[in-house]
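In: Generate a structure from the sequence data that follows.
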Amino acid sequence: MIETPGGMAVIIGAGPAGLTAALELLRRTRVKPLVLEKSAYMGGISRTVAYNGNRIDIGGHRFFSKSDRVMDWWTSMLPVEQTSEDNHRLVYQSQERAFAAQAAVNGPAPDPEFDDLVMLVRPRKSRIFYLRKLFDYPLKLDATTLRNLGALRAFKAGISYMVSVMRPIRPEKTLEDFLINRFGRHLYRTFFKSYTEKVWGVPCEQISAEWGAQRIKGLSLRKALLHHFKKLIGGRSNGIGQKDTETSLIEKFLYPKLGPGQLWEEVAGRVRAGGGEILTGWTVCGIHTSGDRVTGVTARSDSGQQHFFPAQYVFSTMPVKELVQAFDTAPPAEVSEVSDGLMYRDFITVGLLLKRLNIKDPERSEPGERLLKDNWIYIQEPDVLVGRMQIFNNWSPYMVGDPERVWIGLEYFCNDTDELWSKSDEDMIALALGEVEKMGIAAHEDYVDGTVIHMEKTYPAYFGTYDRFPIVREFVDRYHNLFLVGRNGMHKYNNQDHSMLTAMTAVDNIIAGRRDKTNIWAVNTEMDYHESRGEPSADAGQERAATAVS
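Out: Residues are numbered from 1 along each chain as shown. As a prediction, the model looks like this:
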């Protein structure tokens with residue numbers, strides 16, 4: 001029998017990466033995890049906020065992954081709901097997993113009408129709002145799109161796309177280059193530029209093309225059209241996993257009945273039940289080292305108490321800038337210069353409870369219908385500040401206290417130094433109401449209630465000193481028992497499944513005695529997550545290796 005590692009692991013942050021690391025350590029090693037979370041909540045930006053009987057998902061979290069390992073992990077926490085489709089199944093990586101077979105072994109599948117610990121199967125729909133009209137996303141050059149654009153805009157879009165195909169920008173240095181090459185200059189300016197610059201607060205030509213490679217991945221107008229054509233001729237997959245579908249084209253996903261925070265509360269409960277410890281209201285302010293090891297961390301409680309926590313292993317999901325500043329021995333000047341220059345984008349959600357929406361689906365709406373079918377809508381209109389609108393009824397009907405109301409989230413992107421960040425809740429609600437009324441989405445007289453939520457450092461930025469980030473990575477990687485995981489922990493715009501995989505891979509390395517952290521940094525850059533075809537991916541090899549040591 002192989003002796004598994006033991007000792008204490010201090011995990012900084014109770015988001016998806018931190019809690020995944022804690023539970024993986026408990027399940028697979030003798031290491032006891034201690035999680036230090038500075039807020040009172042579990043899940044980081046994947047938490048669910050409850051307000052007056054309604055629930056808010058901060059940012060919108062689809063539970064979908066190309067990784068079997070992550071999908072299995074999620075459904076082991078919250079089993080998938082009972083469905084009316086006998087052949088309802090997960091299909092990905094050329095594997096098929098029928099729910100009926102699962103239920104026969106584990107008992108009846110849960111019914112969300114009676115059971116809370118359940119994953120719902122939800123349809124995916126998102127669109128772009130531009131010219132006060134709704135355009136399908138991904139873009140389709142169908143009759144509706146052409147009619148909404150008008151003949152002249154459609155002609156210009158076609159010509160500019162052909163130019164981008166014949167004369168692509170090389171090399172691709174900026175996000176603007178990346179988007180023009182895939183959609184043409186006209187469609188880029190029409191459907192991407194305004195929203196993207198709202199998100200980041202800087203022009204697209206100042207953002208690294210790497211952001212597009214990570215977030216938009218293989219999506220292009222050509223692939224969107226091909227996907228649409230396959231649907232028309234009956235090539236659509238019924239599976240949730242949809243391994244052969246671009247991430248931005250997924251049409252079904254899993255979703256916890258009570259929002260993403262429900263899953264992470266469940267994970268936190270299992271960590272505590274397994275002997276792990278989670279302390280809330282503790283902010284890490286010191287990283288202590290000796291040679292090539294981190295010996296522990298110092299944290300300060302909300303009440304002002306300061307305490308040193310010794311550790312054999314440290315997992316950090318805190319922002320890289322704050323981590324480097326916390327080292328007890330001053331890092332080299334170049335490392336501090338790069339980490340201090342890393343930038344972030346902050347986020348405000350305004351939740352509005354409404355009697356109805358004014359905007360309708362012209363081709364789909366029925367008399368008396370109160371809401372659209374979208375999970376979220378990208379607001380491309382340059383005359384408003386709002387960047388995206390969530391419709392929480394469509395994520396899960398259980399997110400809304402009164403099914404006769406419409407519960408939406410208006411998302412604003414800013415820096416914490418901006419005037420927008422310091423507005424009172426009353427002013428933010430007034431701004432959001434004014435903008436939805438201006439766009440014809442809802443009327444002020446249909447407003448019932450509202451709330452405002454601020455989230456700092458929601459998006460690690462791909463500008464500032466990001467192009468020199470390898471200098472920081474080389475510095476932190478020299479400490480063999482320090483593992484940077486998760487979105488802010490790695491200054492990488494990861495989805496929650498990527499963040500989980502970084503934590504899982506770090507635990508794999510501890511078990512295997514591997515000090516090289518290349519495989520952790522490779523998560524969300526490997527070819528499988530970029531939907532490459534034809535040869536084995538780095539991710540596939542990584543997952544096979546992970547299976548071997550689990």
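
In: Would you state the helices of the stretch 351-500 of the chain in chain order?
Out: 392-395, 425-438, 469-477, 487-490, 496-512 (DSSP state H, counting those that start in this stretch).

In: before we move on, what about the stretch 151-300 of the chain?
Out: Going by DSSP H, counting those that start in this stretch, the stretch 151-300 of the chain shows helices at 151-166, 175-183, 185-191, 193-200, 209-215, 221-232, 260-273.

In: Could you tell me the least trusted of the ones you listed?
Out: When the helices of the stretch 151-300 of the chain are ranked by mean pLDDT, helix 221-232 comes last with a mean of 52.

In: Residue nearest the middle of the protein, spatially speaking?
Out: residue 495 (3.5 Å; CA atoms, centre = their mean).

In: What residues sit buried inside stretch 445-463?
Out: Residues of stretch 445-463 classed as buried: 446-447, 449-455, 457-463 (neighbour count, 16 or more other CB atoms under 10 Å). Any C-beta I mention is one placed from the backbone N, CA and C, and that applies to glycine too.

In: so where is this structure shaky, pLDDT-wise?
Out: The chain contains residues with pLDDT under 70 at 1-4, 84-107, 141, 212-250, 362-370, 525-550.

In: any idea which element the residue nearest to residue 108 when sequence neighbours are not counted lies in?
Out: Spatial nearest neighbour of residue 108, chain neighbours left out: residue 82 (6.9 Å); criterion: CB to CB, 6 or more residues apart in numbering. Assessed by DSSP states H and E, residue 82 sits outside every helix and strand.

In: Regarding this protein, what is its longest strand?
Out: Under DSSP state E, the strand in the chain containing the largest number of residues is strand 447-460.

In: ok, now which ones touch the residue nearest to the centre of the chain?
Out: Residue 495 sits next to 65, 524 when contact means CB atoms under 8 Å, 6 or more residues apart in numbering.

In: Give me the secondary structure label for residue 114.
Out: Per DSSP: H, G, I helix; E, B strand; the rest coil, the local secondary structure of residue 114 is coil.

In: That one and residue 398, how far apart?
Out: 12 Å (CB to CB, to the nearest Å).

In: Looking at these two, which is more packed in?
Out: When neighbours are counted by other CB atoms under 10 Å, residue 114 and residue 398 differ, and residue 398 comes out ahead with 21 against 8.

In: so what's that one closest to, chain neighbours aside?
Out: residue 257 (5.1 Å).

In: In contact with that neighbour, which residues?
Out: Residue 257 neighbours (CB under 8 Å, 6+ apart): 78, 81, 112, 115, 116, 117, 118, 119, 120, 396, 398.

In: go with 7 Å
Out: By CB atoms under 7 Å, 6 or more residues apart in numbering, residue 257 lies in contact with 112, 116, 118, 120, 396, 398.

In: do residue 119 as well
Out: Residue 119 makes contact with 63, 74, 75, 78, 79, 80, 81, 254, 255, 256 under the criterion CB under 7 Å, 6+ apart.

In: List the beta-bridge partners for it.
Out: residue 80, residue 256 (DSSP bridges).

In: re earlier: which of the contacts of residue 257 are buried? Put it as a ChimeraX command.
Out: Buried subset of the contacts of residue 257, written as a ChimeraX selection, criterion 16+ other CB under 10 Å:
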select :112,118,120,396,398
